[in-house]
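Q: one predicted model, sequence on top.
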Amino acid sequence: MRQYLDLCQNIVDNGHWIENERTGKRCLTVINADLQYDVKNNQFPIITTRKSYWKSAIAELIGYIRGYDSAADFRALGTKTWDMNSNDNQSWLANPHRKGEDDMGRVYGVQGRRWQKTSGGTIDQLAKIVDNLSKGVDDRGEIITFYNPGEFDMGCLRPCMHTHTFSLLGDTLYLTSYQRSCDVPLGLNFNQIQVYTFLALMAQITGNKPGMAYHKIINAHIYEDQLDLMKNEQLTREPFPSPQLKINPKIKTLKDLETWVTMDDFEVVGYQHHEAIKYPFSV
Ligand SMILES: Nc1nc(=O)c2c([nH]1)NC[C@@H]1CN(c3ccc(C(=O)N[C@@H](CCC(=O)O)C(=O)O)cc3)CN21
Ligand SMILES: O=c1ccn([C@H]2C[C@H](O)[C@@H](COP(=O)(O)O)O2)c(=O)[nH]1
């Protein structure tokens, strides 16, 4: 939690104002942030200086694991986070690849589970990693990437947290996640939960122990309409101790994640937090 607040304070103190053409807003921006999460000791990196809708963040992750491409499927799992980008984004609404209401196109999990080969057929990046890690194999290329420049025009948004690399040292599993662009008040609140939970789940379904998760961020920003709330509300609050994430131990395979898992299979124990802050969202 401290590292999140330090990053926010660093942006407030040292950020540069950068015009963003896509959203038409200015962002206070820093380059480079390195966060880490102790999954081994169950230090769940949830924000305590405001209420975090953590189930929504985990629902997004499960949707990516399932390869969903529809905001309606994300809603059914328990998150509305893709409603705006799929239905309120003018350039995507005008895109001939958009298949209709709620379509997100070929983003995130679609690339992760069904990357199109030029020779025909698709690649399931996640299944390959799960197979290898279950056998104790790390070929130094246990990488799932959603970043496919050849298909950017077929999706509503380029992926922000775009690549995850898993590594094994004996039977301890590590994760390094890369993020090119980070909306620190809104997106990072979710992304840090997702990095943590992705490692915890992958360790659980491959029979390994979780170690550390490393989160590497390039462009970390606060939109101009979020700054006042960050500076004068969130950063004036004292954080509470980290709670713990409990995952249903019956989740044992990738198939389990793909079929019956719901948000009821996750519980956060001992979550103390300050009151909610509603940050503006930029489409
Ligand atoms: N500008 C922007 N920021 C993002 O963080 C972001 C995007 N766009 N587009 C794609 C996804 C969607 N994500 C989102 C979208 C909405 C919330 C959000 O509104 N969060 C609120 C309430 C969440 C709820 O009630 O479930 C929050 O207070 O955290 C968070 C992340 C993260 N990503
Ligand atoms: O998981 C996510 C997804 C998106 N974001 C934020 C980062 C940016 O503010 C926008 C994406 O805009 P680009 O112009 O494509 O960079 O969404 C995030 O923080 N986390």
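A: Thanks, I have it. Ligands and ions are numbered 1, 2, ... in the order given.

Q: distance check, the residue of the stretch 51-200 of the chain found nearest ligand 1 against residue 167.
A: Nearest residue of the stretch 51-200 of the chain to ligand 1 (CB to the nearest ligand atom) works out as residue 187 at 2.7 Å. Every residue, glycine included, has its C-beta placed from N, CA and C. Distance of residue 187 to residue 167, given as CB to CB, to the nearest Å: 25 Å.

Q: neighbour count for those two, which is higher?
A: Counted by other CB atoms under 10 Å, residue 187 and residue 167 do not tie: residue 187 has more neighbours, with 21 against 15.

Q: once you drop chain neighbours, what's closest to the more buried one?
A: Leaving aside its sequence neighbours, residue 187 sits nearest to residue 160 (CB to CB, 6 or more residues apart in numbering; 6.6 Å).

Q: tally of neighbours for the one you found?
A: Counted by other CB under 10 Å, the residues lying close to residue 160 total 20.

Q: which residues are in contact with it?
A: Shown in contact with residue 160 (CB atoms under 8 Å, 6 or more residues apart in numbering): 179-182, 187, 191.

Q: ok, back up a step: for the residue of the stretch 51-200 of the chain closest to ligand 1, give me the pLDDT.
A: Per-residue confidence (pLDDT) for residue 187: 97.

Q: distance check, it against ligand 2.
A: 2 Å (CB to the nearest ligand atom, to the nearest Å).

Q: then residue 26?
A: Using CB to the nearest ligand atom, we find residue 26 at a distance of 12 Å from ligand 2.

Q: quick one: what helix or strand has residue 177 in it?
A: Here residue 177 sits within strand 172-183, counting by DSSP states H and E.

Q: same check, this time on residue 197
A: Assigned by DSSP H and E, residue 197 belongs to helix 187-206.

Q: what angle separates that helix from strand 172-183?
A: Angle, helix 187-206 to strand 172-183, by axes from the mean of the first three to the mean of the last three CA atoms, to 10 degrees: 160 degrees.

Q: residue 214 touches residue 39, doesn't it?
A: No. Judged on CB atoms under 8 Å, residue 214 makes no contact with residue 39 at a distance of 10.6 Å.

Q: quick one: contacts for residue 79?
A: Counting by CB under 8 Å, 6+ apart, residue 79 has contacts 55-57, 59-60, 63.

Q: by neighbour count, which of those wins?
A: Compared across the contacts of residue 79, residue 63 has the highest neighbour count, 25 neighbours, by other CB under 10 Å.

Q: so that one: helix, strand or coil?
A: At residue 63, secondary structure determined by DSSP: H, G, I helix; E, B strand; the rest coil is helix.

Q: once you drop chain neighbours, what's closest to it?
A: For residue 63, ignoring the flanking residues on the chain, the nearest one in space by CB to CB, 6+ apart is residue 74 at 4.7 Å.
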